[in-house]
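Chemist: model the structure of this input:
(one chain, ligands or ions: 2)
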Amino acid sequence: MSKKIPVIQIDPGTQKLEVYGKSKGVTTTDLYASRTKIYAKKVTGLFQKIRKFSLWMLIASYFSICWISINGQQIVHFDLPARQFHIFGITFWPQEFVLLSLLLIICAFGLFFVTTLFGRIWCGYTCPQTSWTFIYMWIEEKVEGSRNQRIKLDKADFSIQKLAKKVTKHVLWLFVAFGTGLTFVGYFYPVRELVPDLFTLNVTDGWSLFWIGFFTLATYINAGWLREQVCMYMCPYARFQSVMFDENTLVVSYDADRGDPRGSRKRNTDYKDKDLGDCIDCNLCVQVCPTGIDIRDGLQYECIGCALCIDACDSIMDKMKYPPGLISYTTEKKLEGKESRILRPKSVAYAVVLSLMICSFAYSIITRVPLELDVIKDRGALYQLTGLGKIENSYILKIMNMSDHNMEFEISVEGIESLHITTQTQVSVKSGEVYILPTSIEADPEKMKTNHYTIEFTVQALNEELSATSESRFLGTAD
Ligand code: SF4
Ligand code: SF4
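Modeler: Ligands and ions are numbered 1, 2, ... in the order given. Predicted structure coming up:
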């Protein structure tokens, strides 16, 4: 039987959606739905313990890592003026940004892999938006009380007590936001200089003040006011991760076969007689949800996989003496009564690609030489004849010490018999320094069989097994 497709029209003036159906006539829907404030109820349980641990660990890491230094070097420092990124003992230079890009691709692939297997576990347990919303909600609860107390407070008329609670909450939120902004900037400016300079009003760099202010405001707005709206309307990852889902991906789901029909009942009554399922329709799973959805309506993109509803429902099941797991981490296949598989083409492909990338990154890091030599031939003069009848070529040597300590180097050149350096052959290069060394070399024209040779410069570290080479051209005239 053919089905009539309703005509849908958007009125640009009123921004209303008009649906023309044959049976129901014209129905009008507002395109704009104002936000309903969510008062999430506190819940405890196994997943919340894991979640709390993971979120507090991440928050603590964020606030502390920039303060850790080894040999005077901040272990994570994105030093933009020096164009060096120090990440856990490895310094990435501009010419190594391909390695840094590989690291970022590995992180992205790791996220895809985890999402394919475990769904939105990143969103529920590790995402910064979730972490900071978690702190903000924790503060809110400490200051304004439980869900019911917060609802009551918001409905109450103005009073000094209400004002005091609201002001306290916002001051604490701003304090956390400021700490977040300051710490963020501390990953780009040396934090041990930035913080004292800031508190003694000695900061001379306007940009650092701008970014502290920017991230303070962004944190306050995102975690305090926007919260779940960031996940629902702003986060691109929330939108495209459904592509990585399949029927074997772990999702938070309500078992409708077991739970429906829903209905309240007394404890220890034989509800099966009343043709009821296990769901007592207490609504607790909705009250605890930070995005305000009802998981019983099926999988929704707003669900961040935080498992608060699982813990809430399990606590109810426990009280009712029913088995847990009415809401659980499961897969579409399991819900259909089929067997779910972890090993499947998509997950295997992600695992293989991820392993290859990790291995190649590890190999590049292990075999990485923290020394680079660039040779630039002087283009002003192709060659010169010296007073003693030798042929001289000039070069600029750029010696880059990418290690974490100062080093002495010996410079040599080879490629033609009698070729030797006539300028300085030993240099001391500081850690992180690019040493520019004008160098001249000369050869005996009698030993030259052609007008141009490929030659090789070598810088060899004294007292260390470390060297770098670079090729160039030697020009002259064969006798
Ligand atoms: S439905 Fe459950 S898992 Fe999804 S966001 Fe709400 S509480 Fe978290
Ligand atoms: S918490 Fe469990 S029992 Fe209560 S409404 Fe939700 S699914 Fe039903």
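
Chemist: ligand 1 contacts on the stretch 301-450 of the chain?
Modeler: Where proximity means Cβ under 6 Å from any ligand atom, the interface of the stretch 301-450 of the chain facing ligand 1 comprises 303-309. Using the backbone N, CA and C atoms, a C-beta is placed for each residue, glycine as well.

Chemist: try 5 Å this time
Modeler: Listed as neighbours of ligand 1 in the stretch 301-450 of the chain under the rule Cβ under 5 Å from any ligand atom: 303-304, 306, 308-309.

Chemist: residues near the residue of the stretch 1-150 of the chain found nearest ligand 1, how many?
Modeler: The stretch 1-150 of the chain approaches ligand 1 most closely through residue 124 (6.4 Å), counting by Cβ to the nearest ligand atom. Here the count is done by other Cβ atoms under 10 Å, and residue 124 has 23 residues near it.

Chemist: repeat that for residue 90.
Modeler: 17.

Chemist: that one and residue 364 touch, don't they?
Modeler: No. With contact taken as Cβ atoms under 8 Å, residue 90 and residue 364 are classed as non-touching, separated by 10.5 Å.

Chemist: next structured bit after the strand or helix carrying the residue of the stretch 1-150 of the chain closest to ligand 1?
Modeler: Here residue 124 sits within helix 121-125, counting by DSSP states H and E. Next in sequence after helix 121-125, counting helices and strands by DSSP H and E, comes helix 128-144.

Chemist: from residue 392, how far off is residue 384?
Modeler: Noted for residue 384: a distance of 5 Å to residue 392, by Cβ to Cβ, to the nearest Å.

Chemist: with residue 284 instead?
Modeler: Relative to residue 392, residue 284 is positioned 87 Å away (Cβ to Cβ).

Chemist: what's the answer for residue 40, then?
Modeler: Between residue 40 and residue 392 the distance, using Cβ to Cβ, works out to 78 Å.

Chemist: ditto for residue 285
Modeler: With distances taken as Cβ to Cβ, residue 285 is found 84 Å from residue 392.

Chemist: and residue 192, by the same measure?
Modeler: If you go by Cβ to Cβ, the gap between residue 192 and residue 392 works out to 50 Å.

Chemist: so for these two, which sits in the more crowded spot?
Modeler: Of the pair residue 192 and residue 392, residue 392 is the one with more neighbours under other Cβ under 10 Å, namely 17 against 14.

Chemist: circling back: for the helix holding residue 124, which residues meet the burial criterion?
Modeler: When burial is assessed from 16 or more other Cβ atoms under 10 Å, helix 121-125 yields the following buried residues: 121-125.

Chemist: next one: stretch 108-126
Modeler: Along stretch 108-126, the positions that meet the burial threshold by neighbour count (16+ other Cβ under 10 Å) are 109, 111-126.

Chemist: average pLDDT across the longest helix seen in the chain?
Modeler: Selection of the longest helix in the chain by residue count, based on DSSP state H, yields helix 160-186. Mean pLDDT, computed over helix 160-186, is 96.

Chemist: give the next helix or strand downstream of that helix.
Modeler: Tracing the chain C-terminally past helix 160-186 and defining elements by DSSP H and E, one meets helix 191-199 next.

Chemist: quick one: residues in contact with that following helix.
Modeler: If you take Cβ atoms under 8 Å, 6 or more residues apart in numbering as the criterion, helix 191-199 is touched by 66-67, 69, 74, 182-183, 185-186, 202-204, 208, 212.

Chemist: let's have the residues you listed in a markdown table, adding neighbour count.
Modeler: Written out in a markdown table, the entries for the contacts of helix 191-199 read as follows (neighbours: other Cβ atoms under 10 Å):
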| residue | neighbour count |
| --- | --- |
| 66 | 25 |
| 67 | 13 |
| 69 | 14 |
| 74 | 20 |
| 182 | 20 |
| 183 | 20 |
| 185 | 25 |
| 186 | 24 |
| 202 | 10 |
| 203 | 18 |
| 204 | 7 |
| 208 | 18 |
| 212 | 22 |
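
Chemist: quick one: end-to-end length of stretch 266-279, please.
Modeler: This stretch, stretch 266-279, spans 12 Å end to end (Cα to Cα, to the nearest Å).

Chemist: in that stretch, what's buried?
Modeler: The neighbour-count criterion (16+ other Cβ under 10 Å) identifies 271, 276-279 as the buried residues of stretch 266-279.

Chemist: quick one: average pLDDT of stretch 342-359?
Modeler: Rounded mean pLDDT across stretch 342-359 is 90.

Chemist: what's it in contact with?
Modeler: Where contact means Cβ under 8 Å, 6+ apart, the residues beyond stretch 342-359 that reach it are 102, 105-106, 109-110, 112-113, 116-117, 244, 246, 248.

Chemist: how does it look with 7 Å?
Modeler: For stretch 342-359, contacts defined as Cβ atoms under 7 Å, 6 or more residues apart in numbering pick out 102, 105-106, 109-110, 112-113, 116-117, 246, 248.

Chemist: count of neighbours near residue 95?
Modeler: Number of residues near residue 95 (other Cβ under 10 Å) recorded here: 12.

Chemist: sorry, slip of the keys, the one I care about is residue 256.
Modeler: Residues contacting residue 256 under the criterion other Cβ under 10 Å number 16.

Chemist: what sits closest to it if chain neighbours are left out?
Modeler: residue 296 (7.2 Å; Cβ to Cβ, 6 or more residues apart in numbering).

Chemist: again, but for residue 255
Modeler: Residue nearest to residue 255 in three dimensions, not counting chain neighbours: residue 326, with 5.7 Å by Cβ to Cβ, 6+ apart.

Chemist: also residue 350?
Modeler: Taking Cβ to Cβ, 6+ apart as the measure, residue 350 lies nearest to residue 113, with 4.1 Å between them; neighbours along the chain are not counted.

Chemist: give the contact list for the one you found.
Modeler: 350-351, 354.

Chemist: distance from the chain centre to the helix or strand harbouring it, please.
Modeler: Under DSSP H and E, the secondary-structure element containing residue 113 is helix 97-118. Average the C-alpha atoms of helix 97-118, do the same for its chain, and the two points are 10 Å apart (Cα atoms, centre = their mean, to the nearest Å).

Chemist: touching ligand 1 at all, that helix?
Modeler: No. For helix 97-118, no contact with ligand 1 is found by Cβ under 5 Å from any ligand atom; the gap never falls below 12.6 Å.

Chemist: let me see the mean pLDDT of that helix.
Modeler: Taken as a whole, helix 97-118 carries a mean pLDDT of 90.

Chemist: for the residue lying closest to residue 265 once chain neighbours are set aside, give me phi and psi.
Modeler: Spatial nearest neighbour of residue 265, excluding adjacent residues (Cβ to Cβ, 6+ apart): residue 271 at 4.6 Å. Here the main-chain torsion angles of residue 271 (degrees, to the nearest 10) amount to phi -70, psi -20.

Chemist: from what I can see residue 271 touches residue 262, true?
Modeler: No. Contact criterion Cβ atoms under 7 Å: residue 271 and residue 262 do not qualify, at 10.5 Å.

Chemist: make sure I have this right: residue 411 is in a strand.
Modeler: Yes. Residue 411: assigned to a strand according to DSSP: H, G, I helix; E, B strand; the rest coil.

Chemist: ligand 2 contacts on the protein?
Modeler: That would be 279-280, 282, 284-285, 313, 316, which are the residues of the chain within reach of ligand 2 (Cβ under 5 Å from any ligand atom).

Chemist: ok, 8 Å please
Modeler: The chain has residues 254, 259, 262, 278-286, 295-296, 309, 312-313, 316-317, 320, 326-327 near ligand 2, with proximity defined as Cβ under 8 Å from any ligand atom.
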